[in-house]
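Participant: Predicted model, plus sequence, below.
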Amino acid sequence: MMTSMRLTPIAVALSLCLLPSSLRAQFREGGDQLAGWAPAAVGVRIGWDNAQQGQMLGALLRIPVLPNGAVELMPNADVTFLPGLKEYQVNFEAVYLTAGRSGGVYAGGGVGFRNSRFSPDPAAGRRNDLTFSLVAGVRLGGLGRFRPELEARWILQSEYARAPRPALIGLSVALW
């Protein structure tokens, strides 16, 4: 019993060491021709919210839905830094890329939540508000696993007069 418990972590560690080469084989068909699913990616971004006049910092995850990478799920989170207030936005979006795994222009939308103080009264508490988002951008290629991107967003809220409209620049890195 004790011997099998010691061998299990060793077997898992060895498997993980071999995983990158076996994964790479699933996504290349000899030479430079791509095969299989486009890789998932993680990224960071910074920006400016034009409507609220605040700086932004965020993170995103890109998960391909189609093998060629033309449709991706893009969950993301941002923090907007305003004088005396930080607002948090979390979105779950789907985007269409014109050039698939190569990047190109993309557009899409989704649903999210914004956590903020939605009243001008400083004593008002924070709460979450359901939001809808529209996104348009361009993801550039040519830097290996790294992909710079430029993006414009529109966050649509029903109760909030200051609808955020951020412009962002980011960098994603493919996981394989």
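Facilitator: Now that the structure is in, tell me what you want to look at. Numbers count the residues shown, from 1 in each chain.
Participant: quick one: what helix or strand has the residue most central in space within the chain in it?
Facilitator: Residue closest to the mean C-alpha point of the chain, counted by CA atoms, centre = their mean, is residue 60 at 2.2 Å. Following DSSP states H and E, the helix or strand that holds residue 60 is strand 54-64.
Participant: how about the next helix or strand after that strand: buried residues?
Facilitator: Using DSSP H and E, the helix or strand that follows strand 54-64 in sequence is strand 71-82. If you call a residue buried by 16 or more other CB atoms under 10 Å, then strand 71-82 has these buried ones: 71-74, 76, 78, 80. The way it works is simple: take the backbone N, C-alpha and C, and place the C-beta from them, glycine included.
Participant: next one: stretch 88-106
Facilitator: Neighbour counts over stretch 88-106 (16+ other CB under 10 Å) mark 89-91, 93, 95, 97, 100-104, 106 as buried.
Participant: Repeat that for stretch 158-176.
Facilitator: Residues of stretch 158-176 classed as buried by neighbour count (16+ other CB under 10 Å): 162, 164, 166, 168, 170-172, 174.
Participant: can you dump the C-alpha coordinates of it into PDB?
Facilitator: These are the backbone C-alpha positions of stretch 158-176, laid out as PDB (Å, rounded to 0.1, in the frame of the first residue of the first chain):
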ATOM      1  CA  SER A 158     -29.400  49.300 -17.300                       C
ATOM      2  CA  GLU A 159     -29.200  51.300 -14.100                       C
ATOM      3  CA  TYR A 160     -25.800  53.100 -14.400                       C
ATOM      4  CA  ALA A 161     -25.400  56.400 -16.100                       C
ATOM      5  CA  ARG A 162     -21.700  56.000 -16.700                       C
ATOM      6  CA  ALA A 163     -21.500  53.100 -19.200                       C
ATOM      7  CA  PRO A 164     -17.900  52.100 -19.300                       C
ATOM      8  CA  ARG A 165     -16.100  52.200 -22.700                       C
ATOM      9  CA  PRO A 166     -12.500  51.000 -22.300                       C
ATOM     10  CA  ALA A 167      -9.800  50.900 -24.800                       C
ATOM     11  CA  LEU A 168      -7.200  48.200 -24.000                       C
ATOM     12  CA  ILE A 169      -3.800  46.900 -25.100                       C
ATOM     13  CA  GLY A 170      -2.800  43.400 -24.100                       C
ATOM     14  CA  LEU A 171      -0.500  40.500 -24.500                       C
ATOM     15  CA  SER A 172      -1.600  36.800 -24.700                       C
ATOM     16  CA  VAL A 173       0.600  33.800 -24.500                       C
ATOM     17  CA  ALA A 174      -0.400  30.400 -26.000                       C
ATOM     18  CA  LEU A 175      -0.300  27.600 -23.500                       C
ATOM     19  CA  TRP A 176       1.300  25.200 -25.900                       C
END
